[in-house]
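Visitor: Below is the sequence, then the predicted model.
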Amino acid sequence: MSTMPSDRSPDSTLAFLREGYRFVGARCDRFGSDVVQTRLLLEPTICLRGRDAAELFYDEERFVRRGATPLRGQRTLTGVGGVQGLDGAAHRARKAMFMSIMTPDAIRRLGQLFADEWRARIPTWAANGPVVLYDEVGRMLTRAVWAWAGVPLAESDVRRRTAEMHAMIEGPAVLGPKHWRGLIGRRRAERWARALVERVRAGALPAPEGSALRVIAEHRDEQGVPLPPRIAAVELLNVLRPTVAVDRYVVFLALALHDHPHWRDRVRADDATAEQFVQEVRRYYPFFPLAAARVRRSFDWRGYAFPQGRRVLLDLYGTNHHPEIWPEPERFRPERFAGWRDDPFGLIPQGGGDHRTGHRCAGEWITIELMKQAVAALTGAMSYRVPPQDLALDLSRMPTLPPSGLIVDGVRPAG
Ligand code: HEM
C-alpha cells in the first residue's frame, strides 16, 4: 500500500477559502497526483481529480452521501433532508420525482418562458440606459421558473424572492454577513415554500398537473408516505433556487461573447455551434467547485487506502480543466466540442455519472436549454455594448462572478 500524498498543514480550511477553485488542483499539481489528502474543517479529507477519479466517485457501491455535506452548506445552499444527502432506494425514489418533471416538453416550455421574459424586457432596457445583466437575468429566471413550477408570484415579490435564492447560493463558502444572509434567506424561503405545499395539499391552491409544485406536493416516498412539509419545501427550493442560479452561467455566456466576439455570428447562425459554445462555457467557467461523499466501506484504489467513513471531495472545476481530458484547458475553445463523444465523467460542471440513478444534477438539461435561449437572445434578439468595467473573475470567491455583474448599455432590439 502506498502512502497518499498529504498536505502537511494541521488544517487547510483557511487555505481552501483563500485559494478557492484552485485549492485541490494546486495540491494535485504539487504532488503530481490526482489523489491527495488534506484536512478540512478539522477532518481528514481525500481530494480527487480527473476522469477516472470521477468514475470512482460516482460508484455507489463505494460512496455514500449521508453526512458528506458540511452543515454550513446544508443550512444555506441545499437545505437539510433533501435529495442530495440520500442514498440507495430512498435516493432513487426521490430522484425519480425530480426526473419526472424533466420531460422534453416541460424543458422546452421553461426555455420559452425565459425567452419570452427576455424579449419583453428589451424595450425597457433600451429606454432606461445601462443594466446589470446578472440582476436582470436573475429576476427573469425567477419569473420564468415560478410560472413553470406552478407557483404564484406577485410582481412586487420578484426582487425579494430572487434575493433569497441568491443569498442561499452565496452562503456556504463565506464567513460573516454573507453566510448569515444565506441562513436567513433559507429560513424565510423554506417557511414560504412549506406554506405553499400545505395549501396545495389542502386543496386551497390549485397547481397544474405535472408542475413541480404539484409533483412535489403529491410525491410519496419509497414506502408510500407523503414527504413531510418541511422536506417538500426543501425539494421545491431544489428546483427554484438552482434555476435562478443559471443567471451566473448567462453572465459567463455574455462574458465569453465579449472576450471572443468572433463567435457571435457563428453561434447565431448555427444551433450546433451554439450548443458547443454553451458546453465550453460550462466547462471553462467556474461554478460548483466540488462534490462531497463518504467512503461506504474501506477499499483500495491505485494502491491507496480509502478508509470507511472518510470524507472524499471530487474536484469538479479541476476535472473540467484537466489537461489529460481537455488539451489546453485554459483556452476557451468551443470547437473542442465538435464531434465530442459525451463522456459522463469528463465534463462534470453539474456532477458526473447518471442523472436518474446517481447524484448528477437533476437540472442539467434545463440549464443547457436556458443557456441556449440566452445565447440566442444575446446574439439575435438585441444589440448592446459592454462599457469599460471590472470583469475579472476572482477564483478565490466561490461562487464567483465579475464584480460588475456585467453591465450592458446601448441596448436596441435586433432588426
Ligand atoms: C445553474 C446551473 C447548475 C449547476 C452548476 C448545478 C450543479 C450541480 C451539482 C454540482 C450538483 C451535485 C452533483 C453531485 O452531488 O454529485 C447538482 C445537483 C443537483 N441539482 Fe444542479 N446545478 C445547476 C442547475 C440546476 C437546476 C436548473 C436544477 C433544477 C431545476 C438543479 C437541481 C439539482 C438537484 C435536485 C440536485 C441533486 C441531485 C441528487 O443529489 O441526486 N440544478 N447540481
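Guide: Okay, I see it.

Visitor: Please tell me how far Thr78 sits from Arg65.
Guide: 10 Å (C-beta to C-beta, to the nearest Å). Where C-beta positions appear, they are placed from N, C-alpha and C, glycine not excepted.

Visitor: Please apply the same query to Ala127.
Guide: 49 Å.

Visitor: Same check on Arg160?
Guide: Distance from Arg160 to Arg65, by C-beta to C-beta: 31 Å.

Visitor: anything in the helix or strand of the chain with the lowest mean pLDDT near the ligand?
Guide: Lowest by mean pLDDT, DSSP states H and E among the helices and strands of the chain is helix 71-73, with a mean of 72. No. Helix 71-73 stays out of contact with the ligand when judged by C-beta under 6 Å from any ligand atom, the minimum separation being 11.1 Å.

Visitor: What residues of that helix count as buried?
Guide: Neighbour-count burial for helix 71-73, counted by 16 or more other C-beta atoms under 10 Å, picks out Arg72, Gly73.

Visitor: Show residues contacting the helix or strand following it.
Guide: For helix 71-73, the following helix or strand on the C-terminal side (DSSP states H and E) is helix 88-101. Here helix 88-101 makes contact (C-beta atoms under 8 Å, 6 or more residues apart in numbering) with 60, 65, 83, 86, 210-212, 215-216, 219, 221-222, 235, 238-239, 355-357, 359, 362.

Visitor: Any part of helix 88-101 near the ligand?
Guide: Yes. Remark: helix 88-101 sits within contact range of the ligand at Lys95, Phe98, by C-beta under 6 Å from any ligand atom.

Visitor: do the same with stretch 370-390
Guide: No. Judged by C-beta under 6 Å from any ligand atom, stretch 370-390 and the ligand are separated, with a smallest distance of 7.4 Å.

Visitor: quick one: buried residues of that stretch?
Guide: Within stretch 370-390, judged by 16+ other C-beta under 10 Å, the buried ones are 370-379, 381-382, 384, 386.

Visitor: Please name the nearest non-neighbouring residue to the residue in the stretch 251-400 of the chain that the ligand sits nearest to.
Guide: For the stretch 251-400 of the chain, the residue closest to the ligand is Gly363, as judged by C-beta to the nearest ligand atom, at 2.0 Å. Using C-beta to C-beta, 6 or more residues apart in numbering and skipping residues adjacent in sequence, the residue nearest Gly363 is Pro242, 5.4 Å away.

Visitor: next one: Gly85
Guide: Arg65 (5.3 Å).

Visitor: what does Met102 give?
Guide: Trp365 (6.0 Å).

Visitor: looking at it, that neighbour is touching Ala106, isn't it?
Guide: No. With contact defined as C-beta atoms under 8 Å, Trp365 does not count as touching Ala106 (9.8 Å).

Visitor: any idea whether the residue of the stretch 101-250 of the chain found nearest the ligand is helix, strand or coil?
Guide: Nearest to the ligand, among the residues of the stretch 101-250 of the chain, is Pro242, at 3.2 Å (C-beta to the nearest ligand atom). Classification of Pro242 by DSSP: H, G, I helix; E, B strand; the rest coil places it in helix.

Visitor: From Leu205, how far out is it?
Guide: 23 Å.

Visitor: Just want to know which of those two has more residues nearby.
Guide: Between Pro242 and Leu205, counted using other C-beta atoms under 10 Å, Pro242 has the larger neighbour count: 22 against 18.

Visitor: need the contact list for the more buried one.
Guide: By C-beta under 8 Å, 6+ apart, the neighbours of Pro242 are Cys361, Gly363, Thr367.

Visitor: The first one belongs to a strand, doesn't it?
Guide: Right, the one you point to is Cys361. No. Cys361: not assigned to a strand; according to three-state DSSP it is coil.

Visitor: For Gln279, give its distance to Ala53.
Guide: 21 Å.

Visitor: out of those two, which sits in the busier spot?
Guide: Using other C-beta under 10 Å, the more surrounded residue of Gln279 and Ala53 is Ala53, with 25 against 19.

Visitor: Now do the more buried one, the pLDDT please.
Guide: At Ala53, the pLDDT value in this model is 98.

Visitor: Could you measure from it over to the ligand?
Guide: 13 Å (C-beta to the nearest ligand atom, to the nearest Å).

Visitor: Let me see the residues that make contact with stretch 162-172.
Guide: The contact list for stretch 162-172 (C-beta under 8 Å, 6+ apart) reads 70, 72-73, 75-77, 138-139, 142, 178-179, 181-186, 188-189, 237, 240-241, 244-245, 398-399.

Visitor: Over to stretch 1-11?
Guide: 15, 27, 31, 33, 35-42, 46, 300, 303-305.

Visitor: same check, this time on stretch 60-69
Guide: Against stretch 60-69 from outside (C-beta under 8 Å, 6+ apart): 56-57, 78, 84-88, 91, 292-297, 299, 306, 311-312, 357-359.

Visitor: Could you find the closest non-adjacent residue to Arg310?
Guide: Val295 (4.7 Å).

Visitor: quick one, what contacts the one you found?
Guide: Shown in contact with Val295 (C-beta under 8 Å, 6+ apart): Arg62, Phe63, Phe306, Pro307, Gln308, Gly309, Arg310, Val312.

Visitor: What is the neighbour count of the spatially closest residue to Thr103 that is not a sequence neighbour?
Guide: Leaving out its chain neighbours, the residue that sits closest to Thr103 by C-beta to C-beta, 6+ apart is Gly210, at 7.7 Å. Neighbour count of Gly210, defined by other C-beta under 10 Å: 14.

Visitor: Just to be sure, Gly210 is in a strand?
Guide: No. Per three-state DSSP, Gly210 lies outside any strand segment and is coil.

Visitor: List the contacts of it.
Guide: Contacts of Gly210 (C-beta under 8 Å, 6+ apart): Ile101, Thr103, Ala106.
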